[in-house]
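Asker: next comes the sequence, and after it the predicted model I'd like to discuss.
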Amino acid sequence: MLIQPGELLAQINSPEDLKKFPKDKLVQICDELRNFIVDNVSVYGGHFGASLGVVELTVALHYVLNTPEDQLVWDVGHQAYGHKILTGRKKQFHTNRIFGGISGFPKRKESEYDTFGVGHSSTSISAALGMAVASKYKNSHIQHVAVIGDGSMTGGMAFEAMNHAGVSDSNLLIILNDNCMAIDPNVGALKDYLTDITTSHTYNKVKDEVWKMLGKFSKFGSSAQEVISKVEGAIKSAVLKQSNLFESLNLRYFGPVDGHDVNHLVEILHDLKDIPGPKILHCVTVKGKGYEPAEKGNHTTWHAPGTFDKVTGEIYKKTPSKPQAPKYQDVFGHTIVELAKADSRIMGVTPAMPSGSSLNIMMREMPDRAFDVGIAEQHAVTFSAGLATQGLIPFCNIYSTFMQRAYDQVIHDVCLQNLPVVFCLDRAGFAGADGPTHHGAYDLAYFRCVPNLVVAAPMNEEELRNMMYSSIQHGGPYSIRYPRGNGVMPEWKTEFQSIPTGQGRIVREGEEIALLTLGHIGNYAIEACQSLDKEGLNPAHYDMRFVKPLDEELLHEIFGKFKKVITIEDGCLMGGFGSAVLEFMVDHGYQAQVKRLGIPDEVIEHGEQIELHRLCGFDPEGIAKAVRSMTEVLKIN
């Protein structure tokens, strides 16, 4: 079903089309754009609240800037739906996040208007600054704008970029989209600081007067602007409780302004185009603006609600006909509380994903023992290391894709010191519709080369619980990775049992061929074996559970018995579990035919998890096909 745009939006296929409309039509265009997003996401799903919150800002930016020549960078990309619709992708928007369709995030190869590929937070200022410096080097005078949410401002990279921008002679505008929300509510001192600015009536009155004065004197040239700028800065520092954070970094600060007044935003952006140097515009917005259930309801739920009834706001949820297995993240969330009640040393840490990781369960029950540190993965890891030095056992829960951002801290601050930090890597393997920026493809490869670090992956919920339990007893760095979505055990809450570090298990005995699996993907091997049984084939299946240390005793048994081996993992083939098995085989002088199934050395786009598993050949049928192929070779030989 194709969603039809409103009367004016139907005429807009590029920013040039947008500019043809008089300014008094912009409010209607914003309304139609917002309705188009609501209509599409309600039917097809996707991120929601963030894009509704920047409709007016999106329209104003494309109305004022000369995009794509002017460079516009959207941080993270959750907020870029309106941008995509206005830049030629309106007719394809219904394919957003669907296998073979357009990406849910800005992507360079998708459109010339997507100047920088994003997905992880806090990168926009660095990227836009690099573009601005390059433009100055090339003697170009185009505009460079980074739109960053206040949640992303908690990432250290944003501060590093602002620190650099303040001493760079660059034409950079940073737009702070301040709505007090990332996916969950924002935390920390920066949130409180921005609240002070937005709620100070005295400051806002003075700010408006200074801005008017700046406009009057700007015609007298740069020297007059410099004087006004100094006066402006002095007044800001005097009125606010603290000196202005952004001004102290040598960024001209403007705001706060109403991020939903499109006509005022157009005026402001026109003015700022003529002010040289690095500057920041503070826009106050409401996440979910214009759709009452999202605007006034649970912002976390409406960040990406799935499909819903746009009239009533009812979010559609399938009612299962039989008991369902829980999500792995919920097993983690309930299990850490269970463990923490029995062991006062256990703490929980997450970088801005309490609901996404289900650490919010612990935060509700034990608020003094669970910490949301903001979008700051590096800090989360080293903060956990600090806790560990004092005799505590932190469980640091980070999505696999975001753990990439804290790799140095894992090595330097945790593993070299052999500290008992437990890393729980959610969303390992394919993340689904979020695509390549969010796939957890690399953690097996980049973790297994680090000294002192145990690398484990449970095949089901029971193993996840037991690995969490066993990690406490281990006494050193321990990593547990598990996928997005549901497990396989409706009755998952079993008694804790210790799993010896590096010990795999035999799932089924067999002949001719051995399947070696790591993690949840082993359940696909069970399905494949069941179908192969009907064909008279009888592969053995081993759940290895650990990629580091490998169960060498079990591998000696396997290579002593089988000449055909298939390794299966939902991680990258380069350097992953299959590579570890091959290294063992070579190091111990075994000879066997080994086929590795996993994620190939290429970028895999977005789609449902099973679609991507099928694409890469390690879905149940792909595994069965590999067994048939090797069996035929065996028979021929």
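Answerer: Structure's in. What do you need? Residues are numbered from 1 along each chain as shown.
Asker: okay, domains of this structure per the record?
Answerer: Using automatic domain parsing, the domains assigned to the chain come out as 50-88+103-200+240-287, 328-481, 505-636.
Asker: and the ones you listed: which comes nearest Pro15?
Answerer: If you check each of the domains of the chain against Pro15 by CB to CB, domain 50-88+103-200+240-287 wins as the nearest, at 4.1 Å. Any C-beta I mention is one placed from the backbone N, CA and C, and that applies to glycine too.
Asker: low-confidence ranges in the stretch 501-637 of the chain?
Answerer: 633-637 (pLDDT under 70).
Asker: how about the strands in it?
Answerer: 505-508, 513-517, 540-543, 546-548, 564-572, 593-599 (DSSP state E, counting those that start in this stretch).
Asker: pull the residues that contact the helix or strand harbouring Thr401.
Answerer: Per DSSP states H and E, Thr401 falls inside helix 400-403. Residues outside helix 400-403 that contact it (CB atoms under 8 Å, 6 or more residues apart in numbering): 119-120, 351, 353, 377, 410, 423, 425-429, 431, 437-443, 481.
Asker: about what we covered before: now the strands of the stretch 501-637 of the chain in CSV, with distance to Lys107?
Answerer: Compiled in CSV, these are given as follows (distance: least, CB to CB, whole Å):
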stretch, distance to Lys107
strand 505-508, 40
strand 513-517, 33
strand 540-543, 37
strand 546-548, 31
strand 564-572, 21
strand 593-599, 19
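Asker: out of those, nearest to Leu129?
Answerer: In terms of CB to CB, the element of these nearest to Leu129 is strand 564-572, at 31.1 Å.
Asker: partner strands of the closest one and their direction?
Answerer: Note on strand 564-572: by DSSP bridges, its sheet partners are strand 513-517 (parallel), strand 593-599 (parallel).
Asker: out of those, which one sits most buried?
Answerer: Between those, strand 513-517 has the highest mean count of neighbours, a mean of 27, where neighbours are mean count of other CB atoms under 10 Å.
Asker: ok, and what's touching it?
Answerer: Counting by CB under 8 Å, 6+ apart, 459, 524-525, 528-529, 537, 539-544, 558, 561-562, 564-569, 577, 581, 623, 627, 630-631, 634 sit against strand 513-517.
Asker: returning to that earlier point: any chance you could list what contacts the helix or strand following the helix holding Thr401?
Answerer: Using DSSP H and E, the helix or strand that follows helix 400-403 towards the C-terminus is helix 407-409. Identification of contacts with helix 407-409 by CB under 8 Å, 6+ apart yields 378, 381-382, 385, 446.
Asker: buried ones in helix 407-409, by neighbour count?
Answerer: For helix 407-409, the neighbour count (16 or more other CB atoms under 10 Å) marks 407, 409 as buried.
Asker: can we start the residue count at 592 from this point?
Answerer: I'll keep to 592 as the first residue from here, and by that count the last item is helix 998-1000.
Asker: filter the contacts of strand 1104-1108 to the buried ones?
Answerer: 1050, 1115-1116, 1119-1120, 1128, 1130-1135, 1149, 1153, 1155-1160, 1168, 1172, 1214, 1218, 1221-1222.
Asker: let's test this: mean pLDDT of stretch 912-920, rounded?
Answerer: Here stretch 912-920 scores 89 as its mean pLDDT.
Asker: over to stretch 661-675?
Answerer: For stretch 661-675, the mean per-residue pLDDT is 93.
Asker: from the chain's centroid, how far away is that stretch?
Answerer: With CA atoms, centre = their mean, to the nearest Å as the basis, stretch 661-675 stands 15 Å off its chain's centre.
Asker: quote the end-to-end distance of it.
Answerer: This stretch, stretch 661-675, spans 16 Å end to end (CA to CA, to the nearest Å).
Asker: what residue ranges in this protein score low on pLDDT?
Answerer: For the chain, the stretches flagged by pLDDT under 70 are 592, 772-834, 1224-1228.
Asker: go again with 50.
Answerer: Across the chain, the ranges flagged by pLDDT under 50 are 790, 792-795, 797, 807-811, 830, 832-833, 1225, 1227-1228.
Asker: quick revisit: any chance of the domains of the chain in a markdown table, plus distance to Phe627?
Answerer: Shown next, in a markdown table, are the domains of the chain (distance: least, CB to CB, whole Å):
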| stretch | distance to Phe627 |
| --- | --- |
| domain 641-679+694-791+831-878 | 6 |
| domain 919-1072 | 20 |
| domain 1096-1227 | 21 |
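Asker: which one of the ones you listed lies closest to Gln619?
Answerer: Ranking the domains of the chain by proximity to Gln619 (CB to CB) places domain 641-679+694-791+831-878 first, at 10.1 Å.
Asker: how far does that closest one sit from the chain's center?
Answerer: 19 Å.
Asker: cool, and stretch 1001-1018?
Answerer: 20 Å.
Asker: which parts of it are buried?
Answerer: Residues of stretch 1001-1018 classed as buried: 1001-1002, 1004-1006, 1010-1018 (neighbour count, 16+ other CB under 10 Å).
Asker: out of the residues you listed, which comes closest to Ser743?
Answerer: Distances from Ser743 to the buried residues of stretch 1001-1018, taken by CB to CB, are shortest for Arg1018, at 18.8 Å.
Asker: which residues does the closest one contact?
Answerer: So Arg1018 contacts 990-992, 1029, 1031, 1074-1075 (CB under 8 Å, 6+ apart).
Asker: I'd like these as CSV, with neighbour count and distance to Val664 appended.
Answerer: Listed next are those as CSV, based on neighbours: other CB atoms under 10 Å; distance: CB to CB, whole Å:
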residue, neighbour count, distance to Val664
Tyr990, 26, 22
Ser991, 28, 25
Thr992, 23, 20
His1029, 22, 19
Gly1031, 27, 25
Pro1074, 26, 31
Arg1075, 23, 27
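Asker: between those, which is closest to Val667?
Answerer: Nearest to Val667 among the contacts of Arg1018, with distances taken as CB to CB, is His1029, at 10.7 Å.
Asker: tally of neighbours for Asp1142?
Answerer: If you count neighbours by other CB atoms under 10 Å, Asp1142 ends up with 22.
Asker: can you count the residues close to Lys932?
Answerer: 11.
Asker: packing partners for the helix or strand where it lies?
Answerer: Per DSSP H and E: Lys932 is located in helix 919-933. Packing partners of helix 919-933 (3 or more CB pairs under 8 Å, 6 or more residues apart in numbering; DSSP states H and E): strand 937-941, helix 945-948, helix 951-956, strand 1013-1017, helix 1052-1065.
Asker: do that again at 7 Å, thanks
Answerer: Where contact means 3 or more CB pairs under 7 Å, 6 or more residues apart in numbering; DSSP states H and E, helix 919-933 is packed against strand 937-941, helix 951-956, helix 1052-1065.
Asker: quick one, that helix and helix 1052-1065 angle?
Answerer: 40 degrees (axes from the mean of the first three to the mean of the last three CA atoms, to 10 degrees).
Asker: helix 919-933: how far from the chain's middle?
Answerer: For helix 919-933, the distance to the chain centre is 23 Å (CA atoms, centre = their mean).
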